[in-house]
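1. fold the following.
(2 chains, ligands or ions: 4)
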Number of protein chains: 2
Amino acid sequence: MSRRRQIYEGKAKILYEGPEPGTLIQYFKDDATAFNAQKKGTISGKGVLNNRISEHLFTLLGNIGIPTHFIRRLNMREQLVRQVEIIPIEVVVRNVAAGSLSKRLGIEEGTQLPRTILEYYYKDDALGDPMITEEHIACFGWAGQDELADIVDMAIRTNDFLTGLFAGIGIRLVDFKLEFGRLWEDDYSRVILADEISPDGCRLWDMKTSEKLDKDRFRRDLGGEVEAYQEVARRLGLLPEGAD
Amino acid sequence: MSRRRQIYEGKAKILYEGPEPGTLIQYFKDDATAFNAQKKGTISGKGVLNNRISEHLFTLLGNIGIPTHFIRRLNMREQLVRQVEIIPIEVVVRNVAAGSLSKRLGIEEGTQLPRTILEYYYKDDALGDPMITEEHIACFGWAGQDELADIVDMAIRTNDFLTGLFAGIGIRLVDFKLEFGRLWEDDYSRVILADEISPDGCRLWDMKTSEKLDKDRFRRDLGGEVEAYQEVARRLGLLPEGAD
Ligand SMILES: Nc1ncnc2c1ncn2[C@@H]1O[C@H](COP(=O)(O)OP(=O)(O)O)[C@@H](O)[C@H]1O
Ligand SMILES: Nc1ncnc2c1ncn2[C@@H]1O[C@H](COP(=O)(O)OP(=O)(O)O)[C@@H](O)[C@H]1O
Ligand SMILES: [Mg+2]
Ligand SMILES: [Mg+2]
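-> Numbers count the residues shown, from 1 in each chain, chains lettered A, B, ... in the order given. Ligands and ions are numbered 1, 2, ... in the order given. Have a look, this model is predicted:
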């Protein structure tokens, strides 16, 4: 452990140099932040659950042909991934009005959107991750036109697949955030799905009770954070039945 | 005057019922507001200048084939326009970084943008005119796909024309706001340019001195508001040389 070079420590994960060139180790912390890190806390056991959930979802997405950075899980808190050049855009996919969309546009939380909405946010903590559009992305060259087209395709396919997957286990996929990165091969790069998909970056509502099974429990001081993440893992078949 | 029915009083203009069905009278007030009407004031003589400037610009845009609501100026403060169903979107065209773009994305004011940016804001004072994208517009049906395509075309043509016009009189067209509306003819509607184009909704910088000739003088307490608007009118040939 001590020989490994730390590349980056973020709000929820640490990146270490991987065993081979072009690989990284993603270490999942229990740290939780919200509202651009104005609110901070710890959800004990979250890192273990997110590592496992993200592994599972990336594996399934890989199976349907969406290229991802995921290589394999190493242990409880770590996974080996392909190193990419992160595109500085958070892609948010929304199926149901919630959170900032509800607040900004005055649409009640829980309103089913007439159609799925893709939003982009510029990944810059100092600026508070401002919302941007394809216009800004093109103007400032944050992603090329072809890259953005690939990102849109992958985001929509991911949404279709995950909406189905979660529907199958009684969970409404309200919205979620994706990150993409460039994988360089000589002078050529292609865009693949990176970072993580976990209850930290998704809104997941129980279909029957509307109970929140995601980071909103932390953001809104609802309590029961780890139980909610566990419930998601359990329904995905990642925990033995009845275990908690 | 007293017989006319007032349709709407806004922050800078009053709308009255026009002399024929389907027409309105736009009355230009001297009232000025900024920051979503948190700042209020009066710029004595502004209404007269904006009425004249907007008449001039809409006439020139009409001449190059951009359909507008403008029919004719009636007097110092009033113009006759076609009544439209306003599309609830403010279209902002940006050639140079300034204002909210600079602030939100951390780009220094005055930076020439690598390419022109179109932005959309949802016209809703209570929500503070939040920025939106084509995704939100499509989702909530604020404009149809064909309408939006027409809006984009007209906004870009307007930008090209006005950038040239202002360049010819030593003024840099930094950014500006447009509004569009639906003109109904039986069951069919088409989109035309509405509202106004004046220093209230444009950023206009003197090319030599970088002096601001627009509402930023009011927003930023720079003084000399009416002189700036007069200078724009004068350069456009709307005031006798040397007059102020
Ligand atoms: N495959 C990858 N290669 C390089 N960087 C990655 C990869 N996957 C994710 N990242 C980046 O690693 C960081 C993950 O740590 P996290 O705690 O989420 O950071 P942050 O606080 O920036 O969100 C993020 O900045 C993310 O963009
Ligand atoms: N041709 C038109 N038909 C109907 N409404 C119009 C037309 N042109 C502009 N408007 C609307 O009239 C109002 C003009 O007054 P203004 O003081 O600018 O109002 P606001 O405070 O809403 O910006 C605006 O709401 C604008 O959308
Ligand atoms: Mg992150
Ligand atoms: Mg207005």
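
2. close to chain B: what parts of chain A are there?
-> A:104-107, A:113-120, A:122, A:124, A:126-127, A:130-136, A:138-141 (Cβ under 8 Å from any Cβ of the partner chain). All C-beta spots, glycine's among them, are computed from the backbone N, C-alpha and C.

3. are any of the residues you listed buried, and if so which?
-> Using 16 or more other Cβ atoms under 10 Å in any protein chain shown as the burial test, the residues of chain A next to chain B include A:104-105, A:107, A:113, A:116-120, A:122, A:130-136, A:138-140 as buried.

4. can you flag which of the residues of chain A next to chain B belong to strands?
-> A:113-120, A:122, A:131-132 (DSSP state E).

5. can you redo the residues you listed as CSV with pLDDT and distance to ligand 1?
-> Formatted as CSV, these follow (pLDDT from 0 to 100; distance: Cβ to the nearest ligand atom, whole Å):
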residue, pLDDT, distance to ligand 1
A:Leu113, 98, 26
A:Pro114, 96, 31
A:Arg115, 97, 28
A:Thr116, 97, 23
A:Ile117, 98, 22
A:Leu118, 98, 18
A:Glu119, 98, 17
A:Tyr120, 98, 14
A:Tyr122, 98, 13
A:Met131, 98, 17
A:Ile132, 98, 16
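
6. what residues are up against A:Ala155?
-> Taking Cβ atoms under 8 Å, 6 or more residues apart in numbering or on different chains, we find A:Ala155 in contact with A:91, A:93, A:118, A:178.

7. swap the cut-off to 10 Å and go again
-> With contacts defined as Cβ atoms under 10 Å, 6 or more residues apart in numbering or on different chains, A:Ala155 is in contact with A:66, A:91-93, A:116, A:118, A:120, A:176, A:178, A:180, A:193.

8. likewise A:Lys215?
-> The contact partners of A:Lys215, by Cβ under 10 Å, 6+ apart, come to A:12, A:32-34, A:43, A:46, A:198-204, A:225, A:228-229.

9. just the contacts of A:Ala155 now: which is nearest chain B?
-> Among these, A:Leu118 lies closest to chain B (Cβ to the nearest Cβ), at 5.4 Å.

10. still on that earlier bit, ok, which pair from the contacts of A:Lys215 is furthest apart?
-> The distance between the two most remote of the contacts of A:Lys215 (Cβ to Cβ) is 18.7 Å, for A:Thr33 and A:Leu204.

11. for the residue lying closest to A:Lys46 once chain neighbours are set aside, give its distance to A:Leu127.
-> Sequence neighbours aside, A:Asp30 is the residue nearest to A:Lys46 in space, at 4.9 Å (criterion: Cβ to Cβ, 6 or more residues apart in numbering or on different chains). According to Cβ to Cβ, to the nearest Å, A:Asp30 stands 27 Å off from A:Leu127.

12. might you list the low-confidence residue ranges for chain A?
-> By pLDDT under 70, the weakly predicted segments of chain A are A:1-2, A:241-244.

13. picking that back up, out of the contacts of A:Lys215, which are inside strands?
-> Those of these lying in strands (DSSP E): A:32-34, A:202-204.

14. which of these tops the neighbour count?
-> A:Leu204 (27 neighbours; other Cβ atoms under 10 Å in any protein chain shown).

15. that one against A:Ala167, yeah?
-> No: using Cβ atoms under 10 Å, A:Leu204 is not in contact with A:Ala167, being 11.2 Å away.

16. so what's in contact with the two at the same time?
-> Counting by Cβ under 10 Å, 6+ apart, the residues touching both A:Leu204 and A:Ala167 are A:Leu173.

17. work out which residue lies at the spatial centre of chain A.
-> Among the residues of chain A, the one closest to the centroid is A:Ile197, at 3.3 Å (Cα atoms, centre = their mean).

18. for ligand 1, see how far away the closest residue to ligand 2 within chain A is.
-> Nearest residue of chain A to ligand 2, counting by Cβ to the nearest ligand atom: A:Gly106, 16.7 Å away. From A:Gly106 across to ligand 1, the span is 28 Å (Cβ to the nearest ligand atom, to the nearest Å).

19. contact partners for that residue?
-> A:97, B:122, B:124, B:126-127, B:130.

20. for A:Gly164, the count of nearby residues, please.
-> When neighbours are defined as other Cβ under 10 Å, A:Gly164 has 10 of them.

21. all helices of chain A, in order?
-> Assigned helices in chain A, in chain order: A:46-63, A:99-105, A:134-140, A:145-168, A:216-219, A:225-235 (criterion: DSSP state H).

22. just the CA trace of the third one, in CSV.
-> In CSV, the C-alpha atoms belonging to helix A:134-140 read as follows (Å, rounded to 0.1, in the frame of the first residue of the first chain):
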residue,chain,number,x,y,z
GLU,A,134,-23.5,22.2,-26.0
GLU,A,135,-22.8,25.8,-27.1
HIS,A,136,-20.3,26.4,-24.3
ILE,A,137,-18.8,23.0,-24.7
ALA,A,138,-18.2,23.6,-28.4
CYS,A,139,-17.0,27.2,-27.9
PHE,A,140,-14.4,26.3,-25.2
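
23. looking at chain A, which residue is nearest ligand 1?
-> Nearest residue of chain A to ligand 1: A:Gly10, at 2.0 Å (Cβ to the nearest ligand atom).

24. what is the neighbour count of that residue?
-> 13.

25. my guess is it contacts A:Asp195, does it?
-> Yes: at 9.5 Å, A:Gly10 counts as touching A:Asp195 under the criterion of Cβ under 10 Å.

26. now A:Phe176: closest residue in space that isn't a chain neighbour?
-> A:Cys202 (4.0 Å).

27. hmm, that neighbour is touching A:Leu57, no?
-> Yes: contact status for A:Cys202 versus A:Leu57: in contact at 9.4 Å, counting by Cβ under 10 Å.

28. quick one: common contacting residues for these two?
-> Joint contacts of A:Cys202 and A:Leu57 (Cβ under 10 Å, 6+ apart) are A:162, A:166, A:176.

29. picking that back up, and the ones in strands among the residues of chain A next to chain B as CSV, adding distance to ligand 2?
-> Formatted as CSV, those follow (distance: Cβ to the nearest ligand atom, whole Å):
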residue, distance to ligand 2
A:Leu113, 26
A:Pro114, 24
A:Arg115, 26
A:Thr116, 30
A:Ile117, 25
A:Leu118, 28
A:Glu119, 26
A:Tyr120, 28
A:Tyr122, 28
A:Met131, 23
A:Ile132, 25
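
30. return the residues of chain A in contact with ligand 1.
-> Contact residues, chain A versus ligand 1 (Cβ under 6 Å from any ligand atom): A:8, A:10-13, A:15, A:24, A:69, A:81-84, A:86, A:179, A:181, A:194-195.

31. just the ones of the residues you listed in strands?
-> Short answer: those in strands (DSSP E) are A:8, A:13, A:15, A:24, A:81-82, A:86, A:179, A:181, A:194.

32. looking at those residues, which is nearest B:Arg234?
-> A:Ile86 (51.4 Å).

33. give the contact list for that closest one.
-> Contacts of A:Ile86 by Cβ under 10 Å, 6+ apart are A:8, A:69, A:123, A:179-182, A:194-195.
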